[in-house]
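J.: All I have is the shape, not the residue letters:
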C-alpha cells in the first residue's frame with residue numbers, strides 16, 4: 001500500500017489511488033524496433049523508458065516492456081503511400097488505442113471490440129521518425145522539403161522557389177516506358193530512343209562509323 005493512503009488527508013489518498021490507476025493506462029511511449037515484417041506492416045518494439053514495477057516478493061525492479069503486433073503507420077492517403085524499411089534499433093513513437101483493435105486490424109471497416117480492454121499495450125501503432133538527440137541527423141534543411149538518407153549523401157530536395165535538386169551518391173536512374181536515363185559518374189547514358197524537338201547545341205558531335 002502507498003504510504004499516502006495511511007494518512008488522514010483523504011484528498012492525498014485519492015490522488016494516490018488515481019495515480020495507481022493511471023499506471024495501468026497506456027497512451028504513448030518512445031520505443032525502438034526489435035523486428036519488422038514488411039508483409040503485414042507489423043513490428044515488435046521495445047520501450048526506451050524503463051518502468052519500475054513491484055515483484056511478487058515486494059521488491060522493485062526496472063523493466064523495458066516489449067510491444068508485439070504493433071501496426072506501423074506510414075504517410076498515406078488516396079492512391080499514394082510513402083514507405084521505407086525499418087531496422088532493429090530504429091526509433092519510433094508507439095501510440096495505444098483507447099479500445100481493442102483486433103477485429104479492425106484483421107477485417108478493416110467498422111467492427112465490434114473483440115475484448116473489452118482499455119488503453120492496453122496490446123493495441124499499439126508505431127510512427128517512425130522521432131529522434132533522441134544523439135540520433136538527430138546533421139544538415140537537416142530548415143527551408144527545403146527533402147527525401148533523403150540519414151547521412152544526407154542521397155536525396156531529393158525541393159526548394160520553396162520550385163527548384164528540384166537530386167543528389168545521388170552512385171548515380172540517378174529515371175525509367176519511363178522502358179527508356180532509361182542514367183546520370184552516373186561516367187556521364188549520361190540513355191537506353192532507348194532520343195527524340196528532340198528543337199536545337200541541340202554541343203561543343204563536339206561525334207557519330208560512330210557504321211559497323
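T.: That came through, no problem. All of these numbers come straight from a predicted model, not from anything done at the bench. Numbering: from 1, shown residues only.
J.: Just want the most central residue of this protein.
T.: In the chain, the C-alpha nearest the mean C-alpha coordinate belongs to residue 128, at 1.9 Å (CA atoms, centre = their mean).
J.: Quickly list what the nearest residue to that residue once chain neighbours are set aside is bridged to.
T.: The spatial neighbour of residue 128 that comes closest, neighbours along the chain excluded (CB to CB, 6 or more residues apart in numbering), is residue 92 at 5.0 Å. C-beta coordinates here come from the backbone N, C-alpha and C atoms, glycine included. Going by DSSP bridges, residue 92 is paired in beta bridges with residue 31, residue 128.
J.: For burial, what's the neighbour tally of residue 92?
T.: Neighbour count of residue 92, defined by other CB atoms under 10 Å: 26.
J.: so where's this structure shaky on pLDDT?
T.: The chain contains residues with pLDDT under 70 at 1-11, 13-24, 209-211.
J.: could you pull out the helices for it?
T.: For the chain, helices defined by DSSP state H occupy the ranges 10-22, 102-107.
J.: Could you double-check that the residue nearest to residue 128 sits in contact with residue 131?
T.: No: applying CB atoms under 8 Å, one finds residue 92 not in contact with residue 131, separated by 10.4 Å.
J.: which residues are common contacts for those two?
T.: Counting by CB atoms under 8 Å, 6 or more residues apart in numbering, no residue touches both residue 92 and residue 131.
J.: how many neighbours does the closest residue to residue 97 other than its chain neighbours have?
T.: Computed as CB to CB, 6+ apart, the closest residue to residue 97 that is not its neighbour in sequence is residue 123, at 4.1 Å. Look at residue 123: counted by other CB under 10 Å, it has 24 neighbours.
J.: Residue 123 and residue 96 touch, don't they?
T.: Yes: if you go by CB under 8 Å, residue 123 and residue 96 touch, sitting 5.6 Å apart.
J.: what residues are shared contacts of the two?
T.: Common neighbours of residue 123 and residue 96 (CB under 8 Å, 6+ apart) do not exist.
J.: Please tell me how far residue 45 sits from residue 116.
T.: Counting by CB to CB, to the nearest Å, the separation of residue 45 from residue 116 is 25 Å.
J.: Please read the previous query as pertaining to residue 160.
T.: 50 Å.
J.: do the same with residue 193
T.: The value you get for residue 193 to residue 116, if CB to CB is used, is 65 Å.
J.: mind giving me the domain ranges of the protein?
T.: 3-136, 139-192 (automatic domain parsing).
J.: which of those is buried the deepest?
T.: Most buried of the domains of the chain, by mean neighbour count (mean count of other CB atoms under 10 Å): domain 3-136, with a mean of 13.
J.: How far off centre is it?
T.: With CA atoms, centre = their mean, to the nearest Å as the basis, domain 3-136 stands 15 Å off its chain's centre.
J.: quick one: contacts for the residue found closest to residue 55 once you drop the neighbours it is linked to in the chain?
T.: In this structure, residue 55 finds its nearest non-sequential neighbour in residue 61, 6.0 Å apart by CB to CB, 6+ apart. Applying CB under 8 Å, 6+ apart, we find residue 61 in contact with 52-53, 55.
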